[in-house]
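Participant: need a structure here:
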Amino acid sequence: NSGRATFYPITTVKALPLNISEDDMKRYTGYVGIASALIGYEQKFAGIIGYMLGRTVVFDNLDNAGAMARAYGYRVRIVTLDGQLINAGGSFTGGSVRRDSGMLTRTADIARAMSDVERLRGEIAAQNALIAQKNADIKSAEDDAEEQKRRAGLINSLYTAENTQLEVMKNQLGGDQKRLGEVSAELDSLSDGLSDYEGRRAALAGECRELEMRLIALSDEISRLTASRSVLSDKAEDAARRENALDIELTRQSGELSASKNTLDFNISSQTALEDQISRGEALVYELNVKLIEIKNKIETDKRQASELSAAAETCEADKIRLSGEISALEARQNELKNQTRDMTRRRESVFSEYMRLQSERAGIGAEQDKITAKLWEDYELTYSACLALEHDALDDSTRPAAAARQNELRSRIRALGPVNVGALEEYKEVAARYEFLKNQHDDLVKSRDDFNDIIYKLENEMRLRFSDVMEEIDANFKIVFSELFGGGTAEVKLSDPSDVLGSGIDINVAPPGKIIRSMSLLSGGEQAFVAIALFFAILKVNPVPFCILDEIEAALDDVNVYRFAQYCRRGSDRTQFINITHRRGTMEAADVLYGVTMYEKGISKVITLNVAEVEEKTGIKL
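Facilitator: Below is the predicted model:
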């Protein structure tokens, strides 16, 4: 007695394959697959899964599914991912199903809702106490976070000031290093100039000594030539050699020494021209003396320049000493700056590590605060500002033990209550609204039920009265009509149980003329049909209608009774129009208009109409 069920035997149910190629279906946009291929199941159920889902195609949406269904003439069952269904044949099934409790379960729902309301009120009170505790914890955490923020701000300020001082020192160190480079370059340049001057002075001194030696040699040679001309012939060759050597020596200093060499060579070949050669030699000596004077002047000039260079060198040396002192001072300053930089670097690293530690602590505190805020929202749907608005007293060392004990007590009570429903407020509102709605509906239904009961009671009373009156009228008319149709006899219609008018059966008792009938089953078929016709006309007299269509109701009657039926129809035609479908001659003779349907050719029907009144009027014969 638990209802009906459908069973799919594994041994008999077979898969129904889809008579459409899957490759053809894949050409349509949105095709997902055949339903039986999209699920997992044990192989022994393959026949049942194929039978139930093997002819169902899955598409992504209704538009794409409709395009495929139209292409295949709605011969395929298609379902979309959102649950819309296109059945084979073209009908669509979709939308959403509204699930609501019935009228018989509303009392239980109301009782359950009231129980939930009481339970939720207790949970709300417990949650309010827990929220107060969490608010205090959040306030303490926020105070700690503010202190950490203040300390982090101070450290950031110190770190910024130290970085600024470090940048200034770096700029000073760069300027000092640049100046040190310039002084070093200048010192190197002066050292190079001094070396050049020393080299030039040494070269000039060598040249001066060489020229003096040459001048002394030339003076000795000239004196020797002047003292003894006779010796010149013997020593001409030697003189020539000396002259050649002198010429070679003097060629480097002046081009005029070459002329002396030529003169001396000429005196060798001609003794007579020796005096001229001596004269030229004296001239040459004079010129050499002039040259010597010039060289001495040049030497003096060079000595002055050398003195100046020596003074400059001494100045450079002094500058070098002074610059060396400055360099030493700068190096000392540089070492001091390096030490300061190293100290600043250590301080910066220390400050940075402290900053990173504080940043880590701050991040941890922020994460903890976010976690507490998220938990506060997830558990109680309260923000930090909403918690502050509750204005609970902050905890201190004196009140914290009592608060912790109270917290443990409340937690024990909460655990005893079971899982906390954080949506209790919203559920209470929904349940309260539903309770009010259902209560209003219940009151409306009770009122409607009472109204319906009153209406039904009134209608039943009215129906009883009217039905009793109508039955009396039908019974009176039935007696008259029966007597007219049968030419006498008795008939009656009465209730089987007059005390239950609406639930009672109806008894029909008739007695045709000359017969005593105990049951309707003893009448012939024609008599039973005639009794039914009499009852029909009796009902028609109670509630006349504009027209009646009678389909061969007199077919079982004999000719006499057919005539009586036809005449009664004519008598009653002043109130009701009778349309008789019949094959009986007596009924057709009593009719005013006859309609016949004949098929004079196969498949073609023709209606023939005969108006008796027109025929009588035209023929003058009363039919």
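
Participant: can you map out the strands along the chain?
Facilitator: 31-34, 56-59, 77-80, 85-86, 92-93, 490-495, 506-511, 547-551, 577-581, 593-601, 604-611 (DSSP state E).

Participant: which one, of these, ends up nearest to residue 301?
Facilitator: strand 31-34 (112.4 Å; Cβ to Cβ). C-betas here are computed from N, CA, C, even on glycine.

Participant: residues in contact with the closest one?
Facilitator: 18, 22, 25, 38, 53-54, 56-60, 64, 68, 81 (Cβ atoms under 8 Å, 6 or more residues apart in numbering).

Participant: which pLDDT value goes with the closest residue to residue 608 other than its chain neighbours?
Facilitator: Using Cβ to Cβ, 6 or more residues apart in numbering and skipping residues adjacent in sequence, the residue nearest residue 608 is residue 596, 4.4 Å away. Residue 596 is assigned 91 on the pLDDT scale.

Participant: state the distance from residue 596 to residue 606.
Facilitator: Applying Cβ to Cβ, to the nearest Å, the value for residue 596 to residue 606 is 9 Å.

Participant: and for residue 424?
Facilitator: Where residue 606 is concerned, residue 424 sits at a distance of 84 Å (Cβ to Cβ).

Participant: out of the two, which sits in the busier spot?
Facilitator: residue 424 (20 against 10; other Cβ atoms under 10 Å).

Participant: on that earlier part again, of all the contacts of strand 31-34, which comes closest to residue 586?
Facilitator: Looking across the contacts of strand 31-34 and measuring by Cβ to Cβ, the closest to residue 586 is residue 56, at 66.0 Å.

Participant: hmm, the closest one is touching residue 78, no?
Facilitator: Yes: using Cβ atoms under 8 Å, residue 56 makes contact with residue 78 at a distance of 7.4 Å.

Participant: compare the two and say which is more crowded by neighbours.
Facilitator: residue 78 (25 against 17).

Participant: just the C-alphas of stretch 454-470, formatted as PDB.
Facilitator: Output of stretch 454-470 as PDB, limited to C-alpha atoms (Å, rounded to 0.1, in the frame of the first residue of the first chain):
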ATOM      1  CA  ASP A 454     -23.200  27.600   5.000                       C
ATOM      2  CA  ILE A 455     -23.600  27.900   1.200                       C
ATOM      3  CA  ILE A 456     -23.600  24.100   0.800                       C
ATOM      4  CA  TYR A 457     -26.200  23.800   3.600                       C
ATOM      5  CA  LYS A 458     -28.400  26.400   2.000                       C
ATOM      6  CA  LEU A 459     -27.900  24.900  -1.500                       C
ATOM      7  CA  GLU A 460     -28.800  21.400  -0.200                       C
ATOM      8  CA  ASN A 461     -31.900  22.800   1.500                       C
ATOM      9  CA  GLU A 462     -32.800  24.600  -1.700                       C
ATOM     10  CA  MET A 463     -32.000  21.500  -3.800                       C
ATOM     11  CA  ARG A 464     -34.100  19.300  -1.600                       C
ATOM     12  CA  LEU A 465     -37.000  21.600  -1.800                       C
ATOM     13  CA  ARG A 466     -36.700  22.200  -5.500                       C
ATOM     14  CA  PHE A 467     -36.000  18.500  -6.300                       C
ATOM     15  CA  SER A 468     -39.000  17.500  -4.200                       C
ATOM     16  CA  ASP A 469     -41.200  20.000  -6.100                       C
ATOM     17  CA  VAL A 470     -39.800  19.000  -9.500                       C
END
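
Participant: contacting residues around that stretch?
Facilitator: With Cβ under 8 Å, 6+ apart as the test, stretch 454-470 has contacts from 501, 502, 542.

Participant: hmm, the first one is touching residue 472, no?
Facilitator: Read that as residue 501. No: between residue 501 and residue 472 there is no contact under Cβ under 8 Å: 11.5 Å.

Participant: neighbour count winner among the two?
Facilitator: Taking neighbours as other Cβ under 10 Å, residue 501 and residue 472 compare with residue 501 leading, 16 against 13.

Participant: skipping adjacent residues, who's closest to the more buried one in space?
Facilitator: Excluding the flanking residues, the one nearest residue 501 by Cβ to Cβ, 6+ apart is residue 464, at 4.5 Å.

Participant: what's the neighbour count on the one you found?
Facilitator: Other residues lying near residue 464 total 13 when counted by other Cβ under 10 Å.

Participant: and it, how close does it get to residue 356?
Facilitator: Residue 464 sits 100 Å away from residue 356, going by Cβ to Cβ.

Participant: cool, residue 441 as well?
Facilitator: 67 Å.

Participant: what sits against the residue nearest to residue 608?
Facilitator: 607, 608, 609, 610.

Participant: then residue 28?
Facilitator: 59, 64, 67, 68, 71.

Participant: in helices, which of those residues appear?
Facilitator: Those of the contacts of residue 28 mapping onto helices are 64, 67, 68, 71, per DSSP state H.

Participant: buried ones from these, can you make that a ChimeraX selection?
Facilitator: The ChimeraX selection below is limited to those of the ones in helices among the contacts of residue 28 classed as buried (16 or more other Cβ atoms under 10 Å):
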select :64,68
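
Participant: between the ones in helices among the contacts of residue 28, which sits nearest residue 416?
Facilitator: residue 64 (56.3 Å).

Participant: which residue packs closest to the closest one, ignoring adjacent ones?
Facilitator: residue 30 (2.9 Å).

Participant: and that neighbour, how many residues sit next to it?
Facilitator: A count of nearby residues for residue 30, using other Cβ under 10 Å, gives 16.

Participant: tell me the phi and psi of it?
Facilitator: With angles defined as degrees, to the nearest 10, residue 30 sits at phi 90, psi 0.

Participant: report pLDDT for it.
Facilitator: 91.

Participant: check contacts around it.
Facilitator: 59, 60, 61, 63, 64, 65 are the contacts of residue 30 under Cβ under 8 Å, 6+ apart.

Participant: how much space between residue 293 and residue 319?
Facilitator: Distance from residue 293 to residue 319, by Cβ to Cβ: 38 Å.
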